[in-house]
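A.B. asks: Sequence below, structure please.
(chains A and B)
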Amino acid sequence: MAITVKTMPRPETESSYVRATLKGMALTFRHLLAPKWTMQYPEQTSAPDWKLSPRWRGTHRMAVDEAGKAKCVACGLCPQVCPANCIKLIPGEDEKGNRYPLVYEIDEFRCVFCGYCQEVCPEEAIHVGVHYENAEYSRDAFVYDLERLMRQPHPVSTLWDPSDPKGE
Amino acid sequence: MELKRDASSPPSTASTLERAGFVSPNWVTTRLDDLVNWSRANSLWPMAFGTACCAIEFMATAASRFDLARFGMERVAYSPRQADVLICAGRLPFKLAPVIRRVWDQMPQPKWCISMGACASSGGIFDNYAMVQGIDTIVPVDVYVPGCPPRPEGLLYGILLLQKKIKGESVFDPGLRVEQLANDQGLFLEPAAVDELSEPFGNSVHQTRSA
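C.D. replies: Predicted coordinates:
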């Protein structure tokens, strides 16, 4: 005995794929006219609704005084506070008793950009910067020494101030 | 494979065309390099090995604001066999080290690797017994992107660096596409080199490993 298949009659408008296809294509073409979200990154670094916050924390920068020397006094607070253990500081002292860093290196690779070093610095010497284009080909290139930290040209980040929470 | 023209040789030995820079002995190979590198650099399919928060930024990079597809990474391959570039996004514990090594071994040549974020690149703040201190001790890495996590722009910058690197490669360089296989212990570097790469860096009180 042959198996009989019960066919349900459906109206032509429901069983036709043409209607569904046109519906899908209409959705696709509607998106052609919709406002564009994509930011053309290498050419365009900010969009009207996408700006880098001044509080954003990136690659470090060492502040420089008028004489062109680093402001750091080698107090040793930033390597103490660093949770990622990425700051290497060996302090030195000149004949007048002023302390200065003999070695000041930051491994930007290990750094998690928490900004504690900027927060803790009594001389406002070390800063985290508003800078993110810092990819490299080799691991050695990430250890920024004092010279390189002083040469960084990017703007420094503004940390959140509890007495002025909106940054005014 | 570079054209090495001896500067001291008399110019009369070179033909007129060659002196004008039109024809050189390696003209075909350099043109082929350009073509192959152009197509390779603009059709990188990423294999996202996302283990942690960097993977969220990777998703943002692939989404419509930044749109990874603009750089030819149209299809994010979650299969190593169809992928060109391994993007390790996130921290890598030692338990996952054989996994990423196997994923890397399964990827066909040519292949590249991007180490995304502080944890994948160097261990980051997780300088402890459980964490691989940099995936370059497991697989060879081409481009490192620092950040915790890096911005999508930062990752795109790393990808552009990788494309630049690919465009400088030569198809005929025999050393370039050699598989660096892991030895019996699962290492592809010497243990001393691994130690040197993964030693603690700074002089913080938060030394979790050495003390």
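A.B. asks: all helices of chain B, in order?
C.D. replies: B:16-19, B:27-41, B:53-62, B:97-106, B:117-122, B:152-167, B:191-197 (DSSP state H).
A.B. asks: How far off centre is the second one?
C.D. replies: It stands for helix B:27-41. Distance of helix B:27-41 from its chain centroid, counting by Cα atoms, centre = their mean, to the nearest Å, is 19 Å.
A.B. asks: CA atoms only for that helix, dumped as PDB, please.
C.D. replies: Output of helix B:27-41 as PDB, limited to C-alpha atoms (Å, rounded to 0.1, in the frame of the first residue of the first chain):
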ATOM      1  CA  TRP B  27      61.800  41.600 -12.800                       C
ATOM      2  CA  VAL B  28      59.400  38.700 -13.000                       C
ATOM      3  CA  THR B  29      60.000  37.500  -9.400                       C
ATOM      4  CA  THR B  30      59.600  41.000  -7.900                       C
ATOM      5  CA  ARG B  31      56.400  41.500  -9.900                       C
ATOM      6  CA  LEU B  32      55.200  38.200  -8.700                       C
ATOM      7  CA  ASP B  33      56.100  39.100  -5.100                       C
ATOM      8  CA  ASP B  34      54.100  42.300  -5.400                       C
ATOM      9  CA  LEU B  35      51.100  40.500  -6.700                       C
ATOM     10  CA  VAL B  36      51.300  37.700  -4.200                       C
ATOM     11  CA  ASN B  37      51.900  40.000  -1.300                       C
ATOM     12  CA  TRP B  38      49.200  42.300  -2.400                       C
ATOM     13  CA  SER B  39      46.700  39.500  -2.500                       C
ATOM     14  CA  ARG B  40      47.900  37.900   0.800                       C
ATOM     15  CA  ALA B  41      47.900  41.200   2.700                       C
END
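A.B. asks: and that helix, what other elements does it pack with?
C.D. replies: helix B:152-167 (3 or more Cβ pairs under 8 Å, 6 or more residues apart in numbering or on different chains; DSSP states H and E). Any C-beta I mention is one placed from the backbone N, CA and C, and that applies to glycine too.
A.B. asks: Do a quick rundown of the helices in chain A.
C.D. replies: Along chain A, counting by DSSP H, helices occupy A:12-15, A:17-33, A:77-81, A:116-120, A:146-151.
A.B. asks: could you give me the average pLDDT of stretch B:167-180?
C.D. replies: Here stretch B:167-180 scores 74 as its mean pLDDT.
A.B. asks: Could you confirm whether it reaches chain A?
C.D. replies: No: with Cβ under 8 Å from any Cβ of the partner chain as the criterion, chain A is not reached by stretch B:167-180; the gap is at least 10.7 Å.
A.B. asks: re earlier: what's the closest of the helices of chain A to residue B:167?
C.D. replies: Nearest of those to residue B:167, taken as Cβ to Cβ: helix A:146-151 at 26.8 Å.
A.B. asks: pLDDT score for residue B:24?
C.D. replies: 61.
A.B. asks: what comes into contact with the longest strand along chain A?
C.D. replies: Assignment by DSSP state E gives strand A:99-107 as the longest strand of chain A. The contact list for strand A:99-107 (Cβ atoms under 8 Å, 6 or more residues apart in numbering or on different chains) reads A:60, A:62, A:69-70, A:72-75, A:86-94, A:142-146, A:149, B:122, B:201-202.
A.B. asks: Could you rerun that using 7 Å?
C.D. replies: A:60, A:70, A:72-74, A:86-94, A:142-146, A:149, B:201 (Cβ atoms under 7 Å, 6 or more residues apart in numbering or on different chains).
A.B. asks: PyMOL command for the buried members of the residues you listed?
C.D. replies: In PyMOL syntax, the buried subset of these is picked out as below (16 or more other Cβ atoms under 10 Å in any protein chain shown):
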select buried, (chain A and resi 60+70+72+73+74+86+87+88+89+142+143+144+146+149) or (chain B and resi 201)
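A.B. asks: In strands, which of the contacts of strand A:99-107 appear?
C.D. replies: Those of the contacts of strand A:99-107 lying in strands (DSSP E): A:60, A:87, A:88, A:89, A:90, A:91, A:92, A:93, A:143, A:144.
A.B. asks: can I get the residues you listed in CSV with pLDDT and distance to chain B?
C.D. replies: What follows is the ones in strands among the contacts of strand A:99-107, written out as CSV (pLDDT from 0 to 100; distance: Cβ to the nearest Cβ, whole Å):
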residue, pLDDT, distance to chain B
A:60, 88, 11
A:87, 87, 5
A:88, 86, 5
A:89, 86, 6
A:90, 86, 8
A:91, 85, 10
A:92, 86, 14
A:93, 86, 17
A:143, 85, 8
A:144, 86, 11
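A.B. asks: From residue A:4, how far out is the closest residue to residue B:134 other than its chain neighbours?
C.D. replies: Leaving aside its sequence neighbours, residue B:134 sits nearest to residue B:122 (Cβ to Cβ, 6 or more residues apart in numbering or on different chains; 4.7 Å). Distance, residue B:122 to residue A:4, using Cβ to Cβ, to the nearest Å: 70 Å.
A.B. asks: In terms of neighbours, single out the busier of those two.
C.D. replies: Taking other Cβ atoms under 10 Å in any protein chain shown, residue B:122 and residue A:4 do not tie; residue B:122 has more neighbours (30 against 6).
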